[in-house]
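Novice: No sequence on hand, only this structure:
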């Protein structure tokens, strides 16, 4: 039987009911911004970053968490003695700031939330220092100050040997014209920025696959990659702040961007307005994804519906700006390429990958 | 044997080493603010709220968590069927915003972090709705918009039946003169604002006491209070935003304020500069604290060193402003009173409560 995300034990229905209840209640508090000289801009609810509008700027606020990736780091540490807490710290910051920049905000400050089940977690000086160093390094990659945080011991809430990593960012958009809204247009070019691996999504499934392998995370990736499965999974996420900042500085308009996370390539159609996203320039899957499909096994369709498959960030730009956006990405050190095109086809919403014979209809993605 | 916080299993030494490493690394990132038009003001590190300084305002950022109070709510829910998740949601917001206002910032937006061990947590519609309603209610009490959040399922990190509640706030101080700095002076009046009970600190010890009682949280509080121990513990925290805002609007300068949390009354000497804080107007301990001292048993000194003992927030004001600050507190619905006075006594740092024969020296508090 082929593995899927649902079969790995993540159920979205109960969680989604809660999310909807939160969104409904949260909406009723928007008027509280008035006393602060802010208002809630149209279409910020349901986006990856919450925005508040003032006369000359937007204030941005994101709270996000790592998910379960540190469980992989724990297992690899136990098995091989290699500590990847620098990497998971970068991952945690990446999930926060890569959400924040989707609206065009740049992160100003980052705060860490690191809750442990037992304070002895911090007794491992190597791991502790790696976490601290990684967080500071990620702040530098994001151009944001490390502004504090909270490190509680929560016995009975956090598992005894574990840590829950999350945090928040504050950002700004100024001038306001730099806001990225859902302005994708028929004919827009789709720019892909490479990921470093699974980054922070699909880890529950990845862990299940490790459990079924005789050598677990020590299994070689193969396919021309000489890392182990664990090392491949734990490559730190790419932080895409510099790309967005560089486009702003070069005056390149990003019509829309998508942080490709949970739901894999279905996230490309995150925008409410219906478009068809045709991906024509598909790179071969990186070795890690080939390994996942083979060892799961995971069918091609399920793999692209779950993992980022080598793409961490997508930007939709006017075709006249495509080369400039690509150059901005490359100049700031990203592996990027023009991957396809946005089409208007009436009410049809879909991600289409002809070379892989894949089509995801709009009904396969509910993120709001 | 008398109970103490250390004997309840909370060890601060390993945690504090981590906190110091974080603070050291965080400090090195301050220069990243320059590109955003901000700088790091003097003396924001180590305070309860992180501030960023611009020409005409300060931006404020806090990340905080509830601690283990929801474990009390879980036990009471299991024993009595009474759900207190509205209350713990308010507690979570209170820990965040009461830290934020200590620098004079008012919270603009709040984000929730609610991580569960199993998505079935959200299957209890009564509890889920109480959590949502409480969070929205607390946002209204704080005058801050509910700007989003994150609700991950973290199997293997969060205990299966549990939830980790935390979050963050963004705030502002404008004009900049409203910033509260450490400007306490010899002769300042000390204003106390009442708490609703233990609020969010000392819960590990409270849970240990419940474990030793035959009727646990169902034990009547006595001392003229007809609630049970569980009900007393779960009274929602007081949110002190309105007091700070009202003082700002009335032009009353708060020289310094302290959110009285962990370390109990020792928190009154949070300020670096040495002062003697003499508390002369001491109210009898509320029933809940009498109960805790009796059932622990907890000695008086340990009780005042651990719990807030009925005081949630303290403000130090010039004696000429004391009546006005008291009136501002009362006008916004707080139970408040002038409790004592700040003295300069050379390098001596202490909290002194003559009527209780209590003195806490400066060496009993390390919060930085």
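Specialist: Cool, got the structure. Remember, it's a predicted structure, so these values are computed and weren't measured experimentally. Numbering: from 1, shown residues only, chains lettered A, B, ... in the order given.

Novice: So residue A:315 belongs to a strand, correct?
Specialist: Yes: Residue A:315: assigned to a strand according to DSSP: H, G, I helix; E, B strand; the rest coil.

Novice: Compute the number of surrounding residues for it.
Specialist: 30 (other CB atoms under 10 Å in any protein chain shown). Bear in mind the C-beta positions are built from the backbone N, C-alpha and C, glycine included.

Novice: Can you name the residues bridging to it?
Specialist: residue A:191, residue A:257 (DSSP bridges).

Novice: which other residues reach stretch A:343-350?
Specialist: Outside of stretch A:343-350, the residues within contact range by CB atoms under 8 Å, 6 or more residues apart in numbering or on different chains are A:185-187, A:269, A:274-278, A:359-362.

Novice: Centre of the chain to that stretch, how far?
Specialist: 25 Å (CA atoms, centre = their mean, to the nearest Å).

Novice: wait, what's in contact with the residue nearest the centre of chain A?
Specialist: Residue closest to the mean C-alpha point of chain A, counted by CA atoms, centre = their mean, is residue A:261 at 4.2 Å. By CB under 8 Å, 6+ apart, residue A:261 lies in contact with A:95, A:98, A:199-201, A:267, A:308.

Novice: wait, which of those is closest to residue B:192?
Specialist: residue A:95 (41.6 Å; CB to CB).

Novice: Can you give me the neighbour number for that closest one?
Specialist: Neighbour count for residue A:95, taken as other CB under 10 Å: 28.

Novice: Tell me the spacing between it and residue A:63.
Specialist: As judged by CB to CB, to the nearest Å, residue A:95 and residue A:63 stand 10 Å apart.

Novice: all strands for the stretch 151-300 of chain A, in order.
Specialist: Secondary structure of the stretch 151-300 of chain A by DSSP state E, counting those that start in this stretch: the strands cover A:163-173, A:189-194, A:220-222, A:225-228, A:256-259, A:276-279.

Novice: Report the mean per-residue pLDDT for the third one.
Specialist: Pointing back at strand A:220-222 there. The predicted model assigns strand A:220-222 a mean pLDDT of 98.

Novice: Equivalent analysis for stretch A:244-261, please.
Specialist: On average, stretch A:244-261 scores 97.

Novice: Buried residues, that stretch. List them.
Specialist: Buried residues in stretch A:244-261, counted by 16 or more other CB atoms under 10 Å in any protein chain shown: A:244-248, A:252-261.

Novice: Point out the other elements, helices or strands, that the helix of greatest length in chain A touches.
Specialist: Determined from DSSP state H, the single longest helix within chain A is helix A:125-142. Here helix A:125-142 touches helix A:85-100, strand A:106-116, strand A:145-150, helix A:241-249, helix B:12-27, going by 3 or more CB pairs under 8 Å, 6 or more residues apart in numbering or on different chains; DSSP states H and E.

Novice: Okay, domains of chain A per the record?
Specialist: Structural domains annotated on chain A: A:49-178, A:189-364, as defined by automatic domain parsing.

Novice: looking at those, which is buried most?
Specialist: domain A:49-178 (a mean of 23; mean count of other CB atoms under 10 Å in any protein chain shown).

Novice: Pull the distance from that one to the chain's centre.
Specialist: The chain centroid and the centroid of domain A:49-178 are separated by 13 Å under CA atoms, centre = their mean.

Novice: The domains of chain A: which one's closest to residue B:141?
Specialist: domain A:49-178 (18.8 Å).

Novice: and that closest one, average pLDDT?
Specialist: 97.

Novice: can you check stretch A:309-319 too?
Specialist: According to the model, stretch A:309-319 has a mean pLDDT of 98.

Novice: re the thing from before, name the surrounding residues that touch the longest helix of chain A.
Specialist: A:77, A:83-90, A:92-94, A:97, A:107, A:110, A:112, A:114, A:121-122, A:145-146, A:169, A:236, A:239, A:241-242, B:17-18, B:21-22, B:25-26, B:28-29, B:32.

Novice: how about a cut-off of 7 Å?
Specialist: Residues outside helix A:125-142 that contact it (CB atoms under 7 Å, 6 or more residues apart in numbering or on different chains): A:83, A:85-87, A:89-90, A:93-94, A:97, A:107, A:110, A:112, A:122, A:145-146, A:239, A:241, B:18, B:21-22, B:25-26, B:28-29, B:32.

Novice: now stretch A:354-362
Specialist: Against stretch A:354-362 from outside (CB under 7 Å, 6+ apart): A:265-266, A:269, A:274, A:280, A:282, A:300-301, A:304-305, A:349-352.

Novice: Mind doing that once more with 6 Å?
Specialist: By CB atoms under 6 Å, 6 or more residues apart in numbering or on different chains, the surrounding residues in contact with stretch A:354-362 are A:266, A:282, A:304, A:349-352.

Novice: What of stretch A:179-195?
Specialist: With CB under 6 Å, 6+ apart, stretch A:179-195 has contacts from A:58, A:103-104, A:173, A:238, A:254-257, A:271, A:308, A:310-317, A:319, A:322, A:325, A:329, A:334-340, A:342, A:344.

Novice: Straight-line length of it, end to end?
Specialist: 24 Å (CA to CA, to the nearest Å).

Novice: do stretch A:309-326 as well
Specialist: Span of stretch A:309-326 from end to end, CA to CA: 20 Å.

Novice: With stretch A:164-180 instead?
Specialist: Stretch A:164-180 end-to-end distance (CA to CA) = 31 Å.

Novice: How far off centre is that stretch?
Specialist: 14 Å.

Novice: now stretch A:308-328
Specialist: That offset, for stretch A:308-328, works out to 16 Å (CA atoms, centre = their mean).

Novice: How far does that stretch stretch from one end to the other?
Specialist: 22 Å.

Novice: just stretch A:269-289 next, same as before
Specialist: End residues of stretch A:269-289 are separated by 22 Å (CA to CA).

Novice: which residues are in contact with it?
Specialist: By CB under 6 Å, 6+ apart, stretch A:269-289 touches A:182, A:184, A:197, A:221, A:223, A:225, A:232, A:256, A:258, A:268, A:309-310, A:339-343, A:345, A:347-353, A:355.

Novice: Quick check, pLDDT for residue A:9.
Specialist: According to the prediction, residue A:9 has pLDDT 52.

Novice: same thing with residue A:16?
Specialist: 81.

Novice: List the contacts of it.
Specialist: Contacts of residue A:16 by CB under 6 Å, 6+ apart: none found.

Novice: coming back round to it: from the buried residues of stretch A:244-261, pick the one nearest residue A:158.
Specialist: Nearest to residue A:158, judged by CB to CB, of the buried residues of stretch A:244-261 is residue A:261 at 23.5 Å.

Novice: could you check the distance from that closest one over to chain B?
Specialist: As judged by CB to the nearest CB, to the nearest Å, residue A:261 and chain B stand 12 Å apart.

Novice: Identify the bridge partners of that residue.
Specialist: Counting by DSSP bridges, residue A:261 is bridged to residue A:263.
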